[in-house]
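Novice: Using only what follows, build the 3D model:
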Amino acid sequence: MEILSNISDLQLSLIIIGIIVIVGVVIFNWLQQQRYRRKVQAAFDHEHSDILLDTQDSEDIAQRIEPKFNKTPTPDVSFDTFAQPDLTAAHTEFKKPSIAQSPPINTSTSTPTTSPLLDYDSNTNYIVNVKSESVIANTYIAKLLQRKFDFGKPVCWLGQRHKNESWEEITNETNVDSDGYVQLKGCLQLADRSGSISEVNLSKFRDLVQDFASQVHAIAECPDIVSVHEKAVILDKFCAEVDVMIGINIISRDDGAFVGTKVRALAEASGFRLESEGIFKYRDDSNNILFTLNNYESSPFLPENMKSLTTHGVTFLLDVPRVAHGERVFDQMTHLAKIFSNTLGGIMVDDNRVPLSDSGIQKSKQQLIEIQAAMKKNHIHAGSPSALRLFV
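Specialist: Prediction:
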């Protein structure tokens with residue numbers, strides 16, 4: 001009986017010690033979490049000058065900052081400079097890229113319009129017209145809509161329900177609700193990041209339109225295929241020249257690591273949102289992506305893995321042709337990258353792991369300005385609906 005009593009006392013002691021250890025660990029973790037939250041909050045409570053309202057150039061970016069372009073484009077590029085288009089030209093592939101706290105940037109470049117015609121032009125689309133003296137029934141138009149994905153590039157159909165009325169984009173939903181249209185415009189995109197449209201697909205689209213017009217007793221106006229294909233190749237080559245991303249890497253010091261929970265807490269406090277593909281994205285008021293925050297390593301930031309994840313770095317990415325007012329967005333990105341670097345205790349480096357400098361930031365910013373100016377010169381405004389369709 002005495003032995004049994006001793007064993008019982010030993011078990012009771014071990015249980016009590018175990019409870020004390022568990023409670024101690026919980027309290028320690030809670031204190032560490034509160035300490036880190038105060039540290040993050042302190043980083044954003046400091047008075048920072050508003051980079052969007054300050055008219056003077058900011059010279060107070062600490063650490064070494066030198067975002068690096070993946071390639072150096074020709075600053076003044078025009079469609080006319082390509083005398084002999086390369087028929088095999090295709091857009092350079094980039095990994096898809098996200099921004100953090102500070103006043104939100106509204107980068108919308110297009111003002112509200114009553115007509116979608118302004119979003120489609122012959123610089124980036126093969127546009128055909130179908131004109132009829134009578135209403136073309138929606139049952140015929142439904143057959144056109146079924147063929148939208150048969151030509152390798154996006155197709156958009158616009159229509160007028162009655163002459164002199166405003167144009168509208170025709171979708172399956174709007175077509176069902178309509179009594180038909182008297183005039184149609186088909187807009188077949190000439191290029192995207194996978195390359196230019198082929199002459200075969202241009203011919204297939206033209207033939208479809210001509211056959212359709214014949215069936216509904218309408219007139220089809222279709223531009224010359226050969227000249228449009230040449231334009232598509234030139235457009236694709238130009239887009240490849242300006243298809244650039246700016247990246248800022250923040251790596252850990254002394255081969256240390258960043259903890260996933262800390263990265264997520266800082267990102268969400270800054271205004272990022274972790275999305276399903278494992279990338280933190282920073283969006284403007286119109287839900288446009290301004291830039292992204294990616295894992296410096298190959299594994300994505302999956303929500304279910306963030307608690308156990310560690311990484312040696314993070315990367316800010318800005319997709320230059322897809323962002324309006326790139327100069328301001330670039331300033332915003334570098335401002336937030338500095339906060340991340342200071343809070344996480346990391347180092348800002350370029351793609352070669354060389355510490356970034358202030359002069360490097362200014363050089364990259366100037367290159368961004370030149371790229372977006374070249375796009376504007378060729379009637380493709382960065383961040384516009386047309387640019388968002390081209391660079392996808």
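
Novice: Following the chain past the helix or strand harbouring Ile369, name the next helix or strand.
Specialist: When elements are assigned from DSSP states H and E, Ile369 belongs to helix 358-377. Toward the C-terminal end, the helix or strand that comes next after helix 358-377 (DSSP H and E) is helix 385-390.

Novice: Can you name the residues in contact with that next one?
Specialist: Helix 385-390 is contacted from outside by 110, 119-121, 124, 154, 189, 191-193, 235, 239, 321-322, 375, 380-381, using Cβ atoms under 8 Å, 6 or more residues apart in numbering. Using the backbone N, CA and C atoms, a C-beta is placed for each residue, glycine as well.

Novice: How far off centre is that helix?
Specialist: 11 Å (Cα atoms, centre = their mean, to the nearest Å).

Novice: For it, list every residue counted as buried.
Specialist: 386-390 (16 or more other Cβ atoms under 10 Å).

Novice: could these be laid out in TSV, adding distance to Ile369 and pLDDT?
Specialist: What follows is these, written out as TSV (distance: Cβ to Cβ, whole Å; pLDDT from 0 to 100):
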residue	distance to Ile369	pLDDT
Ser386	20	96
Ala387	16	97
Leu388	20	96
Arg389	23	96
Leu390	20	97
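
Novice: mind checking pLDDT for Ala257?
Specialist: pLDDT for Ala257: 95.

Novice: In this structure it contacts His312, no?
Specialist: Yes. Applying Cβ atoms under 8 Å, one finds Ala257 in contact with His312, separated by 5.7 Å.

Novice: Neighbour count: these two, which is higher?
Specialist: His312 (16 against 12; other Cβ atoms under 10 Å).

Novice: The nearest residue to the more buried one once chain neighbours are set aside: how many residues sit nearby?
Specialist: Nearest non-adjacent residue to His312, counting by Cβ to Cβ, 6 or more residues apart in numbering: Ser252, 5.2 Å away. By other Cβ under 10 Å, 18 other residues sit near Ser252.

Novice: hey, what's Ser252 bridged with?
Specialist: Gly346 (DSSP bridges).

Novice: next one: Thr310
Specialist: With DSSP bridges as the rule, Thr310 is bridged to Val259.

Novice: tell me the centre residue of this structure?
Specialist: Ile289 (4.8 Å; Cα atoms, centre = their mean).

Novice: gap between it and Asp224?
Specialist: 37 Å (Cβ to Cβ, to the nearest Å).

Novice: same check, this time on Thr139
Specialist: Counting by Cβ to Cβ - Thr139 and Asp224 are separated by 31 Å.

Novice: Quick check: Leu190 touching Ala232?
Specialist: Yes. Using Cβ under 8 Å, Leu190 is in contact with Ala232, at 3.9 Å.

Novice: list the residues that contact both of those two?
Specialist: In contact with both Leu190 and Ala232: 126, 196-197, using Cβ under 8 Å, 6+ apart.

Novice: out of the residues you listed, which is most surrounded?
Specialist: That'd be Ser196 among the shared contacts of Leu190 and Ala232, by other Cβ under 10 Å, with 30 neighbours.

Novice: Tell me, what's the model's pLDDT at Arg35?
Specialist: pLDDT, read off for Arg35, is 65.

Novice: Show me the strands in the stretch 101-250 of the chain, by range?
Specialist: Along the stretch 101-250 of the chain, the segments classed as strands by DSSP state E, counting those that start in this stretch run 125-136, 155-160, 168-169, 181-189, 191-192, 195-196, 219-221, 245-252.

Novice: need those in a markdown table with mean pLDDT and distance to Arg283, can you?
Specialist: Listed next are the strands of the stretch 101-250 of the chain as a markdown table, based on pLDDT from 0 to 100; distance: least, Cβ to Cβ, whole Å:
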| stretch | mean pLDDT | distance to Arg283 |
| --- | --- | --- |
| strand 125-136 | 96 | 27 |
| strand 155-160 | 96 | 24 |
| strand 168-169 | 94 | 23 |
| strand 181-189 | 97 | 24 |
| strand 191-192 | 98 | 22 |
| strand 195-196 | 98 | 28 |
| strand 219-221 | 98 | 40 |
| strand 245-252 | 95 | 17 |
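
Novice: okay if I get the ones you listed as TSV plus distance to Leu14?
Specialist: Output for the strands of the stretch 101-250 of the chain, formatted as TSV (distance: least, Cβ to Cβ, whole Å):
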stretch	distance to Leu14
strand 125-136	76
strand 155-160	72
strand 168-169	72
strand 181-189	71
strand 191-192	67
strand 195-196	69
strand 219-221	88
strand 245-252	40
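
Novice: of these, which approaches Ile16 most closely?
Specialist: strand 245-252 (40.3 Å; Cβ to Cβ).

Novice: Tell me which helix or strand Arg264 sits in.
Specialist: Using DSSP H and E, Arg264 falls in helix 260-270.
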